[in-house]
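Q: here is the input, now give the coordinates:
(chains A and B)
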Amino acid sequence: MSIAAHEAAPTGLRKYINATTIGCAVLFVAVAASFAQMLYAERQASPAGKKVIRISHWQLEAGYRDSLDWAIAEYAKVRPDVHIEQMGITERVYGQWLNCQLIANAAPDLAEMGGTKLVTDDSYTLRYFQPMGEIVSSHPNPYNAGTILEGVPWKETFIDGMRGAYRPQLLEYYSVPTTMYTTRIYANLDLLKEATGSDELPKTFGEYLKACEQLKSLGERTGRKIIPAASCYRMDDWMVLAKYRTGFTSSMEADLDTDLDGVITPLETYAGFLRGKFSFETPSLVAYYESMVAMAETLGRGFPAIDRQQAQFMFNQGQSAFLVTGSWDAAGMKRTFDKRGWRLAVFDNPMPGPGEKWGEYFTGASNEAGVGGGGNYGVYKLSKNKDIAIDFLQFLTSLKINEEFNAKALWLPITIGADVPELMKPFMPRTTGYTAKIDLKIGSEVASALTGAETKLFNKEMSYDEMAKTVEAKIRNPNVGGDFAASIEYDRAKTESRSQERVLGMMSAMAMLRPQADTAEDQLKYRKALMQHVRKNNAQEIRWRFETLRNKPIPPM
Amino acid sequence: MARERLRIVTIVCTLWGSSLATGAWAKESVDDLLNHANDQLAMFNWDNAYRLYGDTLAAAEKESPGPWSAKAQQAAFGKAVATSQASPSSAERIDEATSLFNRLADAQLKSPFAARSMMNLGRLAELSDFMDDRVDIESARKRYAEVVERFPSEPIAAEATYRIAGTYVQSFKPEDLNRGAEICQAWITAHPKDPLNSAMWQYAGDAYFFLKEYRRSLDAYMESDKLGWTDEGNQGPIYWRMAVIADRELKDTAAAGKFYTKIIVETPYSGKAYESQLALKRLGMPVPEIQIFKVPTAQPTTAPVAAVSAEGVR
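A: Numbering: from 1, shown residues only, chains lettered A, B, ... in the order given. This next block holds a predicted model:
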């Protein structure tokens, strides 16, 4: 017999006190508590009697969320019946998070567009986001009443005319920009003055390199750890390399841009390379790489290992006098500098001047006239309050609010006529300068070899000749080089043309299946799409140009 | 006993109610299904649309046996479009689409979908949709020509003509490029008010550009410009091409000046406004200001730029 059998059976309430009932009770309490919390959170998020709009973004930089909170509070003054909930999601998971929300039909009413294929791919955009062509093109922004933009169609009130939000394949607008991004160099004027004796910003590349030398000397003299410049994105193509490559190679446009569209594509670069229009010995290309090696040297040895946080840390600690990054980092920098009592300035990437080293090969700065708006928000197609979501976007992009919203975040405004804070003025896009530049990323294999070799060159692990030899061998390799890139591009263009055919197929079908909804604007759009499609010639221009260049058929994929 | 009776009455009522509901649903289903199918097609949900159009077609055929009714034609057309556009494609899908389009194109049916179905048959011939699907330019051209012949005064005739020109131009053989341009110009001459004329002029301009017949190319583009660009807002690169052709190839200073000016004034966002300013300066012509980003800017700290010659930057 077991010992338990000898114990007296519990009576009264005690008979209910055992592991099972305690477990159940704990579980019940936990479930009840979580329900209560959920109801409380829901109530907080959805105040009674108010319509709720959720807005998601990944802009966790200093100042942005506060600034958006301000705009939301201002909006509440004009629309007290609306509650707007801001959802800041870290950039690293924003894409996955938004994917889940979209697939679960539970996406926020307004979502910053990016980070996932469901937002960037046309077929998904169409499914999940509200087309806004009609409202942005035909209606003025009511919140611009009483300003210089009163009565102006909403689209025309943006500095870029909303070009950046246009989806050419879909011939539609699916988002509205709220700001603008460019990249420049931040400077610590106090450290600069300490090193050079002057707080005047370098105006040319030569002056910049000289200042960097003086900063190095200061470090050596004082025993402080000083690396003249830090870069949040290393020797990034958009932020650094392309700006200089334009100045050094735009002069090749006349020889390389065979279709005269003002752009030198990778395949045009390849054709020019094979035809001997330029080589790795061309003085302007040599000068470009020499100058970029000098630029990399200012970032210190081992710069490829320095990431954005480290670069910001170095600048904020006074270990670097210059920081290469974008307009989105201004508020964070300013906050730190104000706290430390240092002076912060921003200047454009300095270019080689006349009489300076490399100056004779340098044509001019790169042009930024084509820069589009950023911080684009799309309206979720299944939102129950699409009209309010659009209304809030109109509010956010109205002259006064956009000016203040961006001033508080220290970002660039996108609305015409909005004042730009003094610190941000150097970030305004440059309308002078050139656009064309050679593009040696001739296909994925060459691009990968080029990036690797350039990194080694800039980090002084490889000589220029070795880099040139490595990249040239890749370009000429029949299996992975330019010929291969041409065949990939041919295939890609054919696929793209086929995708565009689907848009045309849908549009022509809908015109017949729903003729009552086929407006004059739809017909215009169809003609536009048709013309774009026909002019692409089923991608045969790529085949023709390749065959003319190589005198052989384009290799199959 | 009473409970047994109640159960029987309940079952009978349920069956009766269900049959009424089903009848009502069936009565509305063709329109509803068609609407749903159209919604799916508009959202590029080809497979859903295909299934719904298939159901609609079956329901419409049941509702009105014999030659396809108007609703059946809509469903058949939608089904053919959906299956021809679905991805991944297959020989079966294309065969089914071809068969449906052929039936709609049959002159005896007098379907309003006939012209578009014939065009789509041409598109199917011109495209390669799956492995081993051969591009058949000749058949495509024939189909487009049939559209023009059967529906000469319908707007679709212009589109078919445009596509015919495309079948020539895409070979990039000199004689075909010429033929493509001539087809466009012949259409324009015969239909001076057609809304597709600007696109036709632009395409003729492209064909002459590929042929390096720069004067004819520039003239054709200028006609497009006169009529208004079909792809309004994106004419910047074409203006650049026109200006450079006029400047560098034709030494036509007036035309070059005109299009450099248009780049600055009309398409400053193309990025070529500044270079156009330099070109105008070189040509000794008035230089308009670039009117974008009208917000006070800091002076760029860049070195002065070099002059631009007609051959490019030197």
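
Q: so where's the chain shaky on pLDDT?
A: Since you didn't name a chain, this refers to chain A. Scanning chain A for pLDDT under 70 picks out the ranges A:1-9, A:41-46.

Q: hm, I was asking about chain B
A: In chain B, residues with pLDDT under 70: B:1-28, B:294-314.

Q: so which bits of the stretch 51-200 of chain B are right by chain A?
A: B:74, B:77-78, B:81, B:84-85, B:87, B:112-113, B:116, B:119-120, B:123, B:126-129, B:135, B:159, B:162-163, B:165-166, B:169-172, B:195-196, B:199 (C-beta under 8 Å from any C-beta of the partner chain). Using the backbone N, CA and C atoms, a C-beta is placed for each residue, glycine as well.

Q: out of those, list just those in strands.
A: Among those, no member falls in strands (DSSP state E).

Q: show me where the chain has its strands.
A: Because you didn't say which chain, this covers chain A. Using DSSP E, strands in chain A cover A:51-57, A:82-88, A:110-112, A:166-167, A:172-173, A:179-180, A:183-188, A:229-231, A:322-326, A:344-347, A:373-374, A:377-379.

Q: looking at chain B here, not the other one
A: For chain B, the strands defined by DSSP E cover B:308-309, B:312-313.

Q: residue of chain A closest to chain B, please.
A: residue A:254 (2.7 Å; C-beta to the nearest C-beta).

Q: do you know how far that residue is from residue A:277?
A: According to C-beta to C-beta, to the nearest Å, residue A:254 stands 10 Å off from residue A:277.

Q: repeat for residue A:37
A: From residue A:37 to residue A:277 the distance is 69 Å (C-beta to C-beta).

Q: who has more neighbours, the two?
A: Of the pair residue A:37 and residue A:277, residue A:277 is the one with more neighbours under other C-beta atoms under 10 Å in any protein chain shown, namely 16 against 10.

Q: which residues touch that one?
A: Neighbouring residues of residue A:277 by C-beta atoms under 8 Å, 6 or more residues apart in numbering or on different chains: A:252, A:255, A:256.

Q: can you list the residues you listed in TSV and add distance to residue B:30 and neighbour count?
A: As requested, the contacts of residue A:277 are exported to TSV (distance: C-beta to C-beta, whole Å; neighbours: other C-beta atoms under 10 Å in any protein chain shown):
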residue	distance to residue B:30	neighbour count
A:252	63	24
A:255	63	16
A:256	59	24
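
Q: so for the chain, the centremost residue is which one?
A: Here I'm looking at chain A. What sits nearest the mean C-alpha location of chain A, by C-alpha atoms, centre = their mean, is residue A:374, with 7.3 Å.

Q: quick check: that residue touching residue A:177?
A: Yes: here residue A:374 reaches residue A:177: they are 6.0 Å apart, a contact under C-beta atoms under 8 Å.

Q: return the subset of the contacts of residue A:277 lying in helices.
A: Here DSSP state H is the test, and the contacts of residue A:277 give A:255, A:256 as lying in helices.

Q: can I get the contacts of residue A:277 in a markdown table with distance to residue A:408?
A: Output for the contacts of residue A:277, formatted as a markdown table (distance: C-beta to C-beta, whole Å):
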| residue | distance to residue A:408 |
| --- | --- |
| A:252 | 44 |
| A:255 | 48 |
| A:256 | 45 |
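
Q: how about the nearest residue to residue B:194 once chain neighbours are set aside, what does it touch?
A: Spatial nearest neighbour of residue B:194, excluding adjacent residues (C-beta to C-beta, 6 or more residues apart in numbering or on different chains): residue B:158 at 5.0 Å. Taking C-beta under 8 Å, 6+ apart, we find residue B:158 in contact with B:187, B:191, B:194, B:195, B:196, B:200.

Q: now residue B:158: how far from residue B:107?
A: Using C-beta to C-beta, residue B:158 is found at 21 Å from residue B:107.

Q: for burial, what's the neighbour tally of residue A:12?
A: Residue A:12, neighbours per other C-beta under 10 Å, totals 7.

Q: before we move on, what about the one 4 residues further on?
A: Other residues within reach of residue A:16 by the criterion other C-beta under 10 Å amount to 11.

Q: and residue A:264, what are its phi and psi?
A: Phi and psi for residue A:264, reported as degrees, to the nearest 10, are phi -100, psi 110.

Q: what of residue A:301?
A: Dihedral angles phi and psi of residue A:301 (degrees, to the nearest 10) take the values phi -60, psi 140.

Q: surely it and residue A:459 touch.
A: Yes: applying C-beta under 8 Å as the test, residue A:301 and residue A:459 come out as touching, 7.2 Å apart.

Q: the more surrounded of these two?
A: The neighbour comparison of residue A:301 against residue A:459 (other C-beta under 10 Å) goes to residue A:459, with 19 against 11.

Q: wait, what's in contact with that one?
A: By C-beta under 8 Å, 6+ apart, the residues touching residue A:459 are A:296, A:301, A:302, A:303, A:304.

Q: wait, the fourth one touches residue A:236, no?
A: I take that to be residue A:303. No: assessed by C-beta under 8 Å, residue A:303 is found out of contact with residue A:236, at 11.4 Å.

Q: looking at those two, which one has more neighbours?
A: Counted by other C-beta under 10 Å, residue A:303 and residue A:236 do not tie: residue A:303 has more neighbours, with 21 against 15.

Q: residue A:210 versus the more buried one, what's the distance?
A: Distance, residue A:303 to residue A:210, by C-beta to C-beta: 20 Å.

Q: so how far is residue B:84 from the nearest residue to residue B:44 once chain neighbours are set aside?
A: Setting aside the residues directly before and after it, residue B:44 is nearest to residue A:123 in space (C-beta to C-beta, 6+ apart), at 5.1 Å. Distance from residue A:123 to residue B:84, counting by C-beta to C-beta: 16 Å.

Q: more neighbours, these two?
A: Between residue A:123 and residue B:84, counted using other C-beta under 10 Å, residue B:84 has the larger neighbour count: 27 against 18.

Q: so what's the nearest residue to the more buried one once chain neighbours are set aside up against?
A: Distances taken as C-beta to C-beta, 6+ apart place residue B:97 nearest to residue B:84, at 3.7 Å, with adjacent residues excluded. Taking C-beta under 8 Å, 6+ apart as the criterion, residue B:97 is in contact with B:80, B:81, B:83, B:84, B:120, B:124.

Q: same question for residue B:238.
A: Going by C-beta under 8 Å, 6+ apart, residue B:238 touches B:202, B:205, B:221, B:224, B:229.

Q: give me the neighbour count for the closest residue to residue A:374 other than its chain neighbours.
A: Once flanking residues are discounted, residue A:374 sits nearest to residue A:181: 4.4 Å by C-beta to C-beta, 6+ apart. Using other C-beta under 10 Å, the number of residues around residue A:181 comes to 18.

Q: does residue A:181 touch residue A:412 like I think?
A: Yes: counting by C-beta under 8 Å, residue A:181 does reach residue A:412; the two are 7.1 Å apart.

Q: any common contacting residues for those two?
A: Going by C-beta under 8 Å, 6+ apart, residues that sit against residue A:181 and also against residue A:412 are residue A:327.

Q: residue closest to the middle of chain B?
A: residue B:159 (9.0 Å).

Q: isn't it right next to residue A:530, touching?
A: Yes: if you go by C-beta under 8 Å, residue B:159 and residue A:530 touch, sitting 6.5 Å apart.

Q: who touches residue A:555 in this structure?
A: Counting by C-beta under 8 Å, 6+ apart, residue A:555 makes contact with A:483, A:484, A:486, A:487.

Q: any idea how far the first one lies from residue A:555?
A: Note on residue A:483: its distance to residue A:555, by C-beta to C-beta, is 6 Å.

Q: what do you get for the last one?
A: Relative to residue A:555, residue A:487 is positioned 5 Å away (criterion: C-beta to C-beta).

Q: what's stretch A:32-52 in contact with?
A: For stretch A:32-52, the surrounding residues in contact (C-beta under 8 Å, 6+ apart) are A:81, A:82, A:83, A:84, A:85, A:385, A:388.

Q: go through that stretch and flag the buried ones.
A: Neighbour-count burial for stretch A:32-52, counted by 16 or more other C-beta atoms under 10 Å in any protein chain shown, picks out A:51, A:52.
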